[in-house]
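Chemist: here you go, sequence then predicted model.
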Amino acid sequence: MSASHQDATLPEDVAALVGVAQYETVGEFPVERGYIWTTCSSVENANPLFWDDEAAEAISGGPIAPPTMVSVWFRPHHWAPGRTEQALPLQVHFDLKQRLGLPEAVMTDNTIVFHEPVRPGDRLRTHQVLRSVSEDKTTKLGTGRFWVIDVEYRNQHDELVAVESYTGFGYRRPAA
Amino acid sequence: MSPRPATVPRLLLPQVSKGDTLAVLAYPVTATTVVLGALASRDWRPMHHDKDFALHRNGTRDIFLNTPNQAAWFERYVTDWTGPHGRLGRVTFRMKGSVFPGDTMELRGTVEDVSVDELGCGWAELSVVLSVGGEEKTTGAVRVAVPVDEGDNPWRRRGEQWRP
């Protein structure tokens, strides 16, 4: 994927966003064990780190949340009192579609890298960073650009807990 | 609450070789599996609980498993193999098709590489596949830290000692 600053066709305001933290968000509620148990139950995960406090104390210094749950802590309640409209998860993706005039988009790859464990009671926060935008590419879907967006998650001690990277392809269908 | 002895299994890196395959996990998916998984991951979007919406708005044949819950399935699959001392470093997914109620999904994993990093942390790199009736629905890779010996525990690594 080519670096965006080498691409003269990329609008300057989009190029200026590369590497910039956007949409800082704090989770609506602290990490809690009810959701941890519901998630473990949904996939029949018997790992004692989530069920057995003694084992968790000995192995991971106390109970933790399943690492793959990191994005769960940021999905808003279905309803909340007095709530106004809020940013979509991965708002940067939707911003790019709109700014670059690409009506369709797919996510191709999703990677999550795990750092400090997430623990019950943590208040996590997150932001999104556009990492790169490719030149125009044509695939079987159409012509458009690939982009990589990182979603970084930190805890209340400002420790990095995870980074999710999404590769999106925004495109225009070939004229029929 | 102790559903199984806390330290069993306890996979150690010397027991792992490139080319090893994990036992297949087969699971019959029901509407309950899909709805429970969606709500457990706080995903309220209707295509994961409302069949009418899935059929008429998404054009799929039924509701289907959401991505975060598939990640939870892969986590369980890998840590069933390592035991609780296994610590996930990195997962990558590519979604190719949907998993519906009535499908029996099968999870498979193969060890692609085994290494010890310069800080002494042991790593197994796995390729993983979720398939239905032999058709790949989700493919991915998992990098998981595995103790190098009985005295090692990847969960003790913090900050610069942890290079996932």
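Modeler: Right, received. Where do you want to start?

Chemist: C-alpha only now, for contacts and for neighbours.
Modeler: Fine.

Chemist: phi, psi of residue A:126?
Modeler: Backbone torsions for residue A:126, taken as degrees, to the nearest 10, come to phi -150, psi 160.

Chemist: same question for residue A:170.
Modeler: phi -100, psi 130.

Chemist: contact partners for it?
Modeler: Taking C-alpha atoms under 8 Å, 6 or more residues apart in numbering or on different chains, we find residue A:170 in contact with A:97, A:102, A:103, A:104, A:105, A:106, A:144, A:145, A:146.

Chemist: in ChimeraX, how would I select the buried members of the residues you listed?
Modeler: Selecting the buried subset of the contacts of residue A:170 in ChimeraX, with 16 or more other C-alpha atoms under 10 Å in any protein chain shown as the burial test, is done by:
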select /A:97,102,105,144,145,146
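
Chemist: in the contacts of residue A:170, find the pair that's most separated.
Modeler: For the contacts of residue A:170, the farthest-apart pair by C-alpha to C-alpha is A:103 and A:146; their separation is 13.6 Å.

Chemist: contacts for the longest strand seen in chain B, please.
Modeler: Across chain B, the longest stretch assigned as strand under DSSP state E is strand B:104-116. For strand B:104-116, the external contacting residues (C-alpha under 8 Å, 6+ apart) are B:13, B:16-29, B:74, B:77, B:99, B:122-133.

Chemist: weed out the non-buried ones from these.
Modeler: Among the contacts of strand B:104-116, those classed as buried by 16+ other C-alpha under 10 Å are B:13, B:16, B:21-22, B:29, B:74, B:77, B:99, B:122-132.

Chemist: tell me the spacing between the most centrally placed residue in chain A and residue B:17.
Modeler: The centre of chain A sits closest to residue A:151, judged by C-alpha atoms, centre = their mean, with a distance of 4.0 Å. Using C-alpha to C-alpha, to the nearest Å, we find residue A:151 at a distance of 33 Å from residue B:17.

Chemist: partner strands of the lowest-mean-pLDDT helix or strand in chain A, parallel or antiparallel?
Modeler: Ranked by mean pLDDT, DSSP states H and E, the weakest helix or strand in chain A is strand A:104-114, scoring a mean of 89. Here strand A:104-114 is paired, per DSSP bridges, with strand A:160-172 (antiparallel), strand B:87-95 (antiparallel).

Chemist: now the ones you listed as CSV including distance to residue A:128 and mean pLDDT?
Modeler: Formatted as CSV, the strands paired with strand A:104-114 follow (distance: least, C-alpha to C-alpha, whole Å; pLDDT from 0 to 100):
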stretch, distance to residue A:128, mean pLDDT
strand A:160-172, 9, 95
strand B:87-95, 18, 95
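
Chemist: would you convert those into TSV that also reports distance to residue A:137?
Modeler: Shown next, in TSV, are the strands paired with strand A:104-114 (distance: least, C-alpha to C-alpha, whole Å):
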stretch	distance to residue A:137
strand A:160-172	9
strand B:87-95	20
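
Chemist: of those, which is nearest residue A:40?
Modeler: Across those, closest to residue A:40 is strand B:87-95 (C-alpha to C-alpha), at 15.7 Å.

Chemist: who touches residue 35 in this structure?
Modeler: I went with chain A, as the question did not name one. B:40, B:41.

Chemist: my bad, the chain I had in mind was chain B
Modeler: By C-alpha under 8 Å, 6+ apart, the residues touching residue B:35 are B:48, B:49.

Chemist: nearest to residue B:160, of the contacts of residue A:170?
Modeler: Nearest member of the contacts of residue A:170 to residue B:160, counting by C-alpha to C-alpha, is residue A:146, at 31.6 Å.

Chemist: the closest one falls within a helix, correct?
Modeler: No: assigned with DSSP: H, G, I helix; E, B strand; the rest coil, residue A:146 falls outside any helix and is strand.

Chemist: right, and it touches residue A:134 too?
Modeler: Yes: at 5.2 Å, residue A:146 counts as touching residue A:134 under the criterion of C-alpha atoms under 8 Å.

Chemist: okay, the contacts of residue A:170 in a markdown table with distance to residue A:85 next?
Modeler: As requested, those are exported to a markdown table (distance: C-alpha to C-alpha, whole Å):
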| residue | distance to residue A:85 |
| --- | --- |
| A:97 | 20 |
| A:102 | 24 |
| A:103 | 22 |
| A:104 | 23 |
| A:105 | 23 |
| A:106 | 24 |
| A:144 | 29 |
| A:145 | 28 |
| A:146 | 28 |
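
Chemist: with respect to chain B, which of the contacts of residue A:170 is nearest?
Modeler: residue A:106 (10.6 Å; C-alpha to the nearest C-alpha).

Chemist: gap between that closest one and residue A:60?
Modeler: Relative to residue A:60, and taking C-alpha to C-alpha, residue A:106 is found at 37 Å.
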